[in-house]
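1. here you go, sequence then predicted model.
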Amino acid sequence: MNIAITSLLISLLAAACVWLMGRRDPGGKPWLTVICLAILLLLPALTLLPKWHMDLLGSVSGGGSVSHSTPWWLFVWIAGSGLMLLRIIINHLALRSWVADSVLLNSASWQKALRESAAKIGLRALPELRMKVGLSSPVVTGIRRSVILMPHHADQWSEDTREMAILHELGHLQRKDLWVRYAADIACALHWYNPLVWWMRAKLLSQCEYACDAHVIASGADAGDYVRALCDVVENAMNQPDVTARPCGVCAMADHAPLKTRVARLMHGSRPGKPWLAAIAALFTTATALGLTLVRPAVISGGGDSEPAEYSQEEIDVRHSANPFPGND
C-alpha cells in the first residue's frame, strides 16, 4: 500500500477521533491531536521499516513479473513536500527579518511587566520583549531565541492589559506550543495533498489557544481581568489589521480560536471530558497506523498445490542447476 493511501486512511481515522473528542469541548484534548499528527509525521519513516509478512489464503492471477521501477506518484509527493518544506524555511527567514525590524522595549515599565509575568508562571528564561510597527496582535516566535513582539499601539494599553498579553505569550513558551506548531507544519508539508491533515493542524492551533488561556488562569491571573484584556487585544487587532502578511511560525493572542468560545470557556469553564476515551482513541489510531505500515500480506496461490510466494537462495540455486531436458539423459 503506497504512502498516499495509507496517509488518507490513517488521517481519516485520526480526524474522526479528534472531531468526536471535540464535540463537547472544542478546546479539549489537544494532546490527542498532537499524537495523531505525530503519527502522520513519522509515517514516511514507518514505511521504510522491515515488514511483518502475514500469510493469507486466496487466489491471485499469476504470471506477471514484479516491477522495480519507481512509481510516478512518488516523484509527485517528493516534489510537493520539497516545495512545502522550502516554504517553511522561507517563513523562518521572514520571521528573522521581522525581529530585526522591531525595537527593543527596555523601558522600566515594560521590563517590570515581563519579570512579574514570568514570575507568576515560574518561567526563568526571559525572552526578549520588542515592539513591531504594523503588527496588530502580540505574538511570540523563536525556538532557540524566544522573542515577544508587541504591536505599536500597545503603549496605549493599561498595565493590566499589558501584563495579561505578556502572560499569554509566555504561556505559549512554557507549553512549547511553538515546537508543536512547527511539527504540525512539517506534517502538513509531508502530507500536502491531504486536506484532513490541514484540518487537524487548524484544530490544533485553536486548541493551543484554549489551553494557553487556561494555563494563564491556572497561574493565578484573575479570569475577569484576563477576559477584558483578551477582548481589548482582539478588538484592537480587528481595527488595526497587519500592514504586512504575518509569516507562519508564531503564536498570536488574537488568532485561530473564536473569541466568543474563549470567553465562555474562561467564565463558565469547560465541559468535563472522558480522558479514557481519548486514550483509547489514541491507542487505536496508533495500532492502526502500525498495522497499515508494518504488516504486509503474503498471499498464497490457490488452485492446485500451493507454493510459497518466495524462495530461499538455496532453492533458487538448485532450480538454476537442474537439467532442463531430463528425458535426454
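-> Structure received. Owing to the predicted nature of the structure, the values given are computational and were not obtained by experimental measurement.
2. quick one: contacts for residue 81?
-> Neighbouring residues of residue 81 by C-beta atoms under 8 Å, 6 or more residues apart in numbering: 189, 190, 192. Where C-beta positions appear, they are placed from N, C-alpha and C, glycine not excepted.
3. separation between residue 253 and residue 289?
-> Separation of residue 253 from residue 289 (C-beta to C-beta, to the nearest Å) stands at 34 Å.
4. do the same with residue 195
-> Remark: distance between residue 195 and residue 289 (C-beta to C-beta) = 19 Å.
5. that older thread, which of the contacts of residue 81 lies closest to residue 133?
-> For the contacts of residue 81, the minimum distance to residue 133 (C-beta to C-beta) is 30.8 Å, reached by residue 189.
6. quick one: that closest one and residue 85 touch, right?
-> Yes: here residue 189 reaches residue 85: they are 4.9 Å apart, a contact under C-beta atoms under 8 Å.
7. what about these two, which has more around it?
-> Applying other C-beta atoms under 10 Å to residue 189 and residue 85 shows that residue 189 carries more neighbours, namely 19 against 15.
8. contact partners for the residue nearest to residue 191 when sequence neighbours are not counted?
-> Once flanking residues are discounted, residue 191 sits nearest to residue 197: 4.3 Å by C-beta to C-beta, 6 or more residues apart in numbering. Each residue near residue 197 by C-beta under 8 Å, 6+ apart is listed here: 7, 11, 37, 40, 187, 188, 191.
9. repeat for residue 239
-> Listed by C-beta under 8 Å, 6+ apart, the contact set of residue 239 is empty.
10. how about the residue nearest the centre of the chain: what's its closest non-neighbour residue?
-> Residue closest to the average C-alpha location in the chain (C-alpha atoms, centre = their mean): residue 184, at 2.2 Å. Excluding its sequence neighbours, the residue lying closest to residue 184 (C-beta to C-beta, 6+ apart) is residue 201, at 4.4 Å.
11. next one: residue 37
-> residue 187 is the one closest to residue 37 (C-beta to C-beta, 6+ apart), at 4.8 Å.
12. just residue 161 next, same as before
-> Using C-beta to C-beta, 6+ apart, the closest residue to residue 161 is residue 229 (4.3 Å).
13. doesn't that neighbour fall inside a helix?
-> Yes: checked against DSSP: H, G, I helix; E, B strand; the rest coil, residue 229 lies within a helix.
14. the helix or strand where the residue nearest to residue 191 lies: how far from the chain's middle?
-> Here residue 197 sits within helix 195-218, counting by DSSP states H and E. In this view, helix 195-218 has its centroid 10 Å away from the chain centroid, taken as C-alpha atoms, centre = their mean, to the nearest Å.
15. can you check stretch 131-145 too?
-> 21 Å.
16. can you list the low-confidence ranges for the stretch 151-300 of the chain?
-> 241-245, 270-273, 296-300 (pLDDT under 70).
17. residues near residue 282, how many?
-> 21.
18. please report how far it lies from residue 188.
-> From residue 282 across to residue 188, the span is 20 Å (C-beta to C-beta).
19. now swap in residue 221 and tell me
-> In terms of C-beta to C-beta, residue 221 sits 33 Å off from residue 188.
20. how about residue 13?
-> 18 Å.
21. what are the boundaries of the strands in the stretch 201-329 of the chain?
-> 251-252, 295-300 (DSSP state E, counting those that start in this stretch).
22. neighbour-wise, which of residue 13 and residue 188 wins?
-> Counted by other C-beta under 10 Å, residue 13 and residue 188 do not tie: residue 188 has more neighbours, with 22 against 19.
23. isn't that one up against residue 199?
-> No: using C-beta under 8 Å, residue 188 is not in contact with residue 199, being 10.1 Å away.
24. just give me how far the lengthiest helix in the chain sits from the chain centre.
-> In the chain, taking DSSP state H as the definition, the longest helix is helix 72-100. Relative to the mean C-alpha coordinate of its chain, helix 72-100 is positioned 16 Å out (C-alpha atoms, centre = their mean).
25. sorry, back to before: compare residue 195 and residue 289 (neighbour count), which wins?
-> Between residue 195 and residue 289, residue 289 has the larger neighbour count (other C-beta under 10 Å), namely 23 against 12.
26. residue contacts, the more buried one?
-> 10, 39, 43, 46.
27. can you rerun that using 6 Å?
-> Shown in contact with residue 289 (C-beta atoms under 6 Å, 6 or more residues apart in numbering): 10, 39.
28. mind checking which of the contacts of residue 197 land in helices?
-> Mapping the contacts of residue 197 onto helices (DSSP H) picks out 7, 11, 37, 40, 187, 188.
29. what separates the last one from residue 238, distance-wise?
-> Right, residue 188. Where residue 238 is concerned, residue 188 sits at a distance of 27 Å (C-beta to C-beta).
30. before we move on, what about the first one?
-> Residue 7 sits 37 Å away from residue 238 when distances are taken as C-beta to C-beta.
31. so the two - more neighbours on which side?
-> The residue with more neighbours, out of residue 7 and residue 238, is residue 7; 24 against 12, by other C-beta under 10 Å.
32. having no further points to raise, I will conclude here.
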